[in-house]
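S.K.: After the sequence you'll find the predicted model.
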Amino acid sequence: MPIGDWFKKQERNTARSPAVEKRIIPDGVWEKCKGCNEPLFVKELERNLKVCPKCFFHFPVSAYERIYQLTDLHSFEELWGDLIPGDPLGFAANKPYIDSLAKAKDKTGLNEAVVCGRARIDGFQVAIAVMDFGFIGGSMGSVVGEKIKRITELATREYLPLIIVCSSGGARMQEGMISLMQMAKTSAAIARHQDQGLPYISILSHPTTGGVSASFATLADIIIAEPHALIGFTGARVIEQTIRQKLPKDFQTAEFNLAHGMVDMVVNRLELKRMVARLLDYLGASGVKE
């Protein structure tokens, strides 16, 4: 047999050999970082609060994951979890609004895009609300607005600091004018809370936009943003078309907002709980640390 034919035969045998077949990695073991494109071991990523240990890219987290990361263990007491939005307009576009709600509930296990309750952060008793972008983009409809109002009024009534973690695409237009009314409703509740001299800390995660950014998200005593979070009212493309100018490359990032005085600090998620506890102490959350 000519030597060339022998090599070709070996190549064919190698190609058929199961020993060199591409190994299939089971789902849920590795995840590719969107920041540095490096593969990450999922369990290691979760231990690191879903922050890439190589480039510090912040992966999105659910409302309950955020509560687990930010509050003291077993301290969270959920309130109003049974509130469910209606369909006041009978809205239907590509699909009925009621179907979108059902799909979002199946996807997240939530009845709405915000989770509220009492909790402790490093021993400080707080009232806390956490938005979940996975539920119809964290959009604010009647129930989201109602729950934000209720947790704010509870904080005012019980003389508690208020913590709200925001992640939203804005108002939920499937509810029309009712969704826009939540901006005024939540802002009024925040004003009454601040009139009592009580601390309010807002944490802006990626993204925080639209009617949420234009209302309760940016009315806090201290506004914290996570690194590289998108923060703004409307999209960059719409703004460019309106003003007919090219916007800076980092426009609407957390760092851009910090440089222009729109947020007070940008804090890595790994340091977030410690920073919030320090701020609560500094802002005089008196008589609540255990």
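M.R.: Alright, I've got the coordinates.

S.K.: beta partners for residue 171?
M.R.: residue 140 (DSSP bridges).

S.K.: Pretty sure it sits against residue 178.
M.R.: No. Between residue 171 and residue 178 there is no contact under Cβ atoms under 8 Å: 9.4 Å. All C-beta atoms are positioned from the backbone trio N, CA, C, and that covers glycine.

S.K.: between those two, which one's more packed in?
M.R.: residue 171 (25 against 17; other Cβ atoms under 10 Å).

S.K.: how would you label the residue nearest to the spatial centre of the chain: helix, strand or coil?
M.R.: Note on the chain: the residue nearest the mean C-alpha position is residue 167, at 3.7 Å, using Cα atoms, centre = their mean. Under DSSP: H, G, I helix; E, B strand; the rest coil, residue 167 falls in the strand class.

S.K.: Poorly predicted segments of the protein, please.
M.R.: Within the chain, the set of residues satisfying pLDDT under 70 comprises 1-27, 286-290.

S.K.: Strands of that one, residue ranges please.
M.R.: For the chain, the strands defined by DSSP state E occupy 30-32, 39-41, 77-79, 114-121, 124-131, 162-168, 200-208, 222-225, 265-266.

S.K.: coming back round to it: please enumerate the shared neighbours of residue 171 and residue 178.
M.R.: residue 141 (Cβ atoms under 8 Å, 6 or more residues apart in numbering).

S.K.: quick one on the thing from earlier: and among the strands of the chain, the most buried is which?
M.R.: Burial of the strands of the chain is given as mean neighbour count (mean count of other Cβ atoms under 10 Å); strand 162-168 ranks first at a mean of 28.

S.K.: and that one, what other elements does it pack with?
M.R.: Identification of packing neighbours for strand 162-168 by 3 or more Cβ pairs under 8 Å, 6 or more residues apart in numbering; DSSP states H and E yields helix 63-70, strand 124-131, helix 142-157, strand 200-208, helix 210-213.

S.K.: Of all these, which one is nearest residue 281?
M.R.: Closest to residue 281 of the helices and strands packed on strand 162-168, according to Cβ to Cβ: strand 124-131, at 7.5 Å.

S.K.: of all the strands of the chain, which lies closest to residue 280?
M.R.: Ranking these by distance to residue 280, with Cβ to Cβ as the measure, places strand 124-131 first at 4.6 Å.

S.K.: just the CA coordinates of that closest one, formatted as CSV?
M.R.: Provided in CSV are the C-alpha atoms of strand 124-131 (Å, rounded to 0.1, in the frame of the first residue of the first chain):
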residue,chain,number,x,y,z
PHE,A,124,-30.9,47.2,59.8
GLN,A,125,-34.6,46.6,59.4
VAL,A,126,-35.8,48.0,56.0
ALA,A,127,-38.7,48.0,53.6
ILE,A,128,-37.5,46.7,50.2
ALA,A,129,-38.8,46.4,46.7
VAL,A,130,-37.0,44.5,43.9
MET,A,131,-37.9,44.6,40.3
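
S.K.: For it, which helices and strands make contact with it?
M.R.: Right, strand 124-131 is packed against helix 63-70, strand 114-121, helix 142-157, strand 162-168, helix 269-282 by 3+ Cβ pairs under 8 Å, 6+ apart.

S.K.: circling back to that earlier point, distance to residue 114 added to the helices and strands packed on strand 162-168, as TSV?
M.R.: As requested, the helices and strands packed on strand 162-168 are arranged in TSV below (distance: least, Cβ to Cβ, whole Å):
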stretch	distance to residue 114
helix 63-70	7
strand 124-131	5
helix 142-157	5
strand 200-208	13
helix 210-213	10
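
S.K.: Nearest to residue 259, out of these?
M.R.: Here strand 200-208 is closest among the helices and strands packed on strand 162-168 (Cβ to Cβ), at 15.0 Å.

S.K.: is it true that residue 77 touches residue 116?
M.R.: No. The criterion here is Cβ under 8 Å, and residue 77 misses it with residue 116 at 9.9 Å.

S.K.: is it true that residue 253 touches residue 230?
M.R.: Yes. If you go by Cβ under 8 Å, residue 253 and residue 230 touch, sitting 6.7 Å apart.

S.K.: Tabulate the strands of the chain in CSV, adding columns for distance to residue 186.
M.R.: Shown next, in CSV, are these (distance: least, Cβ to Cβ, whole Å):
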stretch, distance to residue 186
strand 30-32, 35
strand 39-41, 36
strand 77-79, 16
strand 114-121, 11
strand 124-131, 10
strand 162-168, 9
strand 200-208, 12
strand 222-225, 15
strand 265-266, 23
